[in-house]
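Q: Let's see this in three dimensions:
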Amino acid sequence: MNRETLAILDSIARDRNIDRELLIHDLEQAMVSAARKHFNSLDTEEFGCEIDRLSGAITLWRELEEGGKVSIDLKTLGRIPAQTAKQVMIQKFREDERNSLLEEFGKRQGELVTGTAARYEGGALMVQIDRVEGFMPRSEQIPGEQFQPGDRVRCLILDVRDSTSQVKVVLSRAHPDFIRKLFEAEVPEVAERVIEIKAMSREPGFRTKLAVSSVDSKVDPVGACVGVRGSRIRNIVDELGGEKIDIVRWNESSQVLIANALKPAEVEEVSLCFELGRGTIIVREDQLSLAIGRRGQNVRLAARLTGWDIDILTPAEFEKNLQTIEETLRPIEGFADEMLDKMGALGLISVFDIEEVGVPVLTQEIGMSDDLAERVVLACHEKGKIVAEEQRIAAEAEAARKAEDAAATDHLLGGGPIGGMGGGAVETDASAESAADSILGGGN
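A: Numbers count the residues shown, from 1 in each chain. The predicted structure is shown next:
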């Protein structure tokens with residue numbers, strides 16, 4: 001081996017981020033393997049090799065039984081031992097590179113990175129990130145998002161896995177932490193921990209809700225995240241392909257937090273039932289659809305953000321529930337009006353809530369006797385079946401009405417889209433061989 005081969009090793013070490021001393025040690029082991037192959041020896045300690053780190057000179061020897069060493073000329077090894085050395089070198093170089101990648105990307109797990117889209121394989125997007133090709137499973141992609149080869153892809157390193165042949169880097173654009181990292185990149189106050197993202201809920205590609213707070217009373221957490229004229233939030237929304245982002249103010253009070261989480265809807269009243277982990281929200285009739293959101297998205301994300309189950313009622317529905325409870329429980333012997341007040345304070349505002357909490361809560365929190373509590377739960381159970389049937393009939397009637405309205409609209413429009421316009425959906429090894437050939441002189 002000469003200085004030129006040492007230069008090749010230096011290049012491999014630099015390009016693949018592998019320690020140069022480790023590569024030289026691998027070469028020494030490869031030469032020992034070649035010598036063992038040449039002499040048909042199974043003793044791993046019979047041969048030794050040392051490579052000069054400055055000149056590249058190789059000293060290969062064999063230990064004799066009576067003591068002493070005998071030098072071995074590399075030219076006498078032959079073609080087959082040379083091929084053995086080459087294979088050992090390539091294998092060890094691959095192992096070194098895999099270990100290097102595993103160590104490097106293991107430290108970068110949870111980091112925001114930018115790569116280049118390569119191709120799709122079975123629905124997974126392959127992305128070139130520095131020296132490794134990561135993959136983004138379909139479940140970690142934003143629904144409806146497509147990349148072309150060569151496109152820039154900004155993503156999160158979700159996981160790093162050590163497989164037998166390579167290091168697998170799992171990427172994500174759908175994980176909530178991807179949003180968190182985007183805010184850290186775009187909002188300095190978030191990166192500096194002046195503003196903290198306390199909670200987050202997300203439906204990738206559609207909508208995200210964040211609850212933020214500030215450790216500095218002079219810094220408005222919502223305003224800082226939005227930016228001047230929406231400049232900061234606009235960059236994040238553009239990166240997400242138009243995904244809507246709601247930023248709300250965090251509050252330690254669950255009632256205030258739930259009201260904030262349901263914005264842009266205006267909340268009239270929040271009633272919490274800690275025994276059921278449920279919040280009942282009262283909103284005006286004109287705010288009901290806004291609070292629920294399209295296909296229930298707004299209330300669903302608000303529930304995830306706050307950690308509470310959320311029921312949304314209009315004032316009329318709320319009063320009807322209270323009236324139903326009163327009509328059901330007043331006739332029961334031993335039931336007092338103050339018990340109704342205590343139920344309301346506990347957030348029990350329907351016969352279903354009372355049936356669900358059961359006897360223990362009624363006896364411990366309301367002060368009922370066991371017998372009275374059992375009769376109350378039984379009465380609520382029977383009334384609940386009647387209410388559920390009424391709700392089912394009303395829902396079927398509403399569905400039938402909507403179907404009739406849709407059929408009438410289709411008839412007026414000629415059974416097709418307006419204007420006749422149909423809708424459509426827009427559908428490392430070469431370096432190692434060079435080093436081996438240089439060392440072994442082509443294996444002659």
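Q: what about Asp238, how many neighbours?
A: Residue neighbour count, defined by other C-beta atoms under 10 Å, stands at 10 for Asp238. C-betas here are computed from N, CA, C, even on glycine.
Q: Let me fix that, I meant to ask about Asp96.
A: 21.
Q: Using the neighbour-count criterion, name the buried positions in the helix or strand harbouring it.
A: Using DSSP states H and E, Asp96 sits within helix 79-107. For helix 79-107, a neighbour-count test (16 or more other C-beta atoms under 10 Å) marks 81-82, 84-90, 92-94, 96-98, 100-102, 105 as buried.
Q: starting at the chain centroid, how far to it?
A: Here helix 79-107 is found 33 Å from its chain centre; the criterion is C-alpha atoms, centre = their mean, to the nearest Å.
Q: and if you look at stretch 150-159?
A: 13 Å.
Q: residue contacts, Glu275?
A: 346-347, 357, 361, 365 (C-beta atoms under 8 Å, 6 or more residues apart in numbering).
Q: Distance to Ala261, pLDDT and secondary structure added to these, as a markdown table?
A: Listed next are the contacts of Glu275 as a markdown table, based on distance: C-beta to C-beta, whole Å; pLDDT from 0 to 100; DSSP: H, G, I helix; E, B strand; the rest coil:
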| residue | distance to Ala261 | pLDDT | secondary structure |
| --- | --- | --- | --- |
| Leu346 | 22 | 89 | coil |
| Gly347 | 17 | 89 | coil |
| Val357 | 24 | 89 | helix |
| Val361 | 26 | 90 | helix |
| Glu365 | 27 | 89 | helix |
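Q: any chance of those residues in CSV, plus distance to Gln128 and neighbour count?
A: Converted to CSV, the contacts of Glu275 look like this (distance: C-beta to C-beta, whole Å; neighbours: other C-beta atoms under 10 Å):
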residue, distance to Gln128, neighbour count
Leu346, 58, 21
Gly347, 54, 18
Val357, 56, 22
Val361, 58, 21
Glu365, 61, 16
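Q: Which single one of the residues you listed is nearest to Ile247?
A: Gly347 (28.0 Å; C-beta to C-beta).
Q: Contact partners for the residue lying closest to the closest one once chain neighbours are set aside?
A: Closest residue in space to Gly347, ignoring its immediate chain neighbours: Cys273 at 3.0 Å, by C-beta to C-beta, 6 or more residues apart in numbering. Cys273 makes contact with 279-280, 346-349, 353, 357, according to C-beta under 8 Å, 6+ apart.
Q: ok, the residues you listed vs Arg36, which is closest?
A: The closest of the contacts of Cys273, once distances to Arg36 are taken by C-beta to C-beta, is Gly279, at 74.0 Å.
Q: burial of the closest one, as a residue count?
A: So Gly279, with other C-beta under 10 Å, has 27 neighbours.
Q: Going by neighbour count, which residues of whichever helix or strand Met339 is part of are buried?
A: Assigned by DSSP H and E, Met339 belongs to helix 337-345. Neighbour counts over helix 337-345 (16+ other C-beta under 10 Å) mark 339-340, 343 as buried.
Q: other SSEs contacting that helix?
A: Packing partners of helix 337-345 (3 or more C-beta pairs under 8 Å, 6 or more residues apart in numbering; DSSP states H and E): helix 315-329.
Q: Just the buried residues of the helix it packs on, please?
A: Within helix 315-329, judged by 16+ other C-beta under 10 Å, the buried ones are 317-318, 321, 324-325, 328-329.
Q: picking that back up, how about residues contacting the helix holding Met339?
A: Contacts of helix 337-345 (C-beta under 8 Å, 6+ apart): 271, 322, 325-326, 329, 349, 354, 365-368.
Q: Then stretch 280-297?
A: 203, 206-207, 258-259, 262, 264-273, 298-301, 310-316, 318, 347, 349.
Q: and that stretch, which residues are buried?
A: Across stretch 280-297, burial judged by 16+ other C-beta under 10 Å covers 280-283, 287, 290-293.
Q: What are the buried residues along stretch 64-81?
A: For stretch 64-81, burial by neighbour count (16+ other C-beta under 10 Å) applies to 72, 74, 77, 81.
Q: Could you do stretch 218-230 as well?
A: Neighbour-count burial for stretch 218-230, with 16+ other C-beta under 10 Å as criterion, is recorded at 221-222, 224-226.
Q: Would you format the residues you listed as a markdown table with pLDDT included?
A: Listed next are the buried residues of stretch 218-230 as a markdown table, based on pLDDT from 0 to 100:
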| residue | pLDDT |
| --- | --- |
| Pro221 | 93 |
| Val222 | 93 |
| Ala224 | 92 |
| Cys225 | 92 |
| Val226 | 92 |
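Q: Which of the residues you listed fall within helices?
A: 221-222, 224-226 (DSSP state H).
Q: Dump the buried residues of helix 315-329 to CSV, plus distance to Glu404 and pLDDT.
A: CSV is the format used below for the buried residues of helix 315-329 (distance: C-beta to C-beta, whole Å; pLDDT from 0 to 100):
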residue, distance to Glu404, pLDDT
Glu317, 24, 90
Phe318, 30, 91
Asn321, 29, 90
Thr324, 30, 92
Ile325, 35, 91
Thr328, 35, 92
Leu329, 39, 91
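Q: Tell me the one of the residues you listed nearest Tyr120?
A: Glu317 (48.3 Å).
Q: Distance of the closest one relative to Arg284?
A: For Glu317, the distance to Arg284 (C-beta to C-beta, to the nearest Å) stands at 12 Å.
Q: and if you look at Glu268?
A: Glu268 sits at a distance of 6 Å from Arg284 (criterion: C-beta to C-beta).
Q: tell me, what's touching those two both at once?
A: By C-beta under 8 Å, 6+ apart, the residues touching both Glu268 and Arg284 are Pro315.
Q: And the helices in the stretch 251-400 of the chain, which stretches?
A: 254-261, 288-292, 297-306, 315-329, 337-345, 351-361, 370-412 (DSSP state H, counting those that start in this stretch).
Q: all helices in the stretch 51-200 of the chain, in order from the N-terminus.
A: Per DSSP H, counting those that start in this stretch, the stretch 51-200 of the chain carries helices over the ranges 79-107, 176-186, 188-191.
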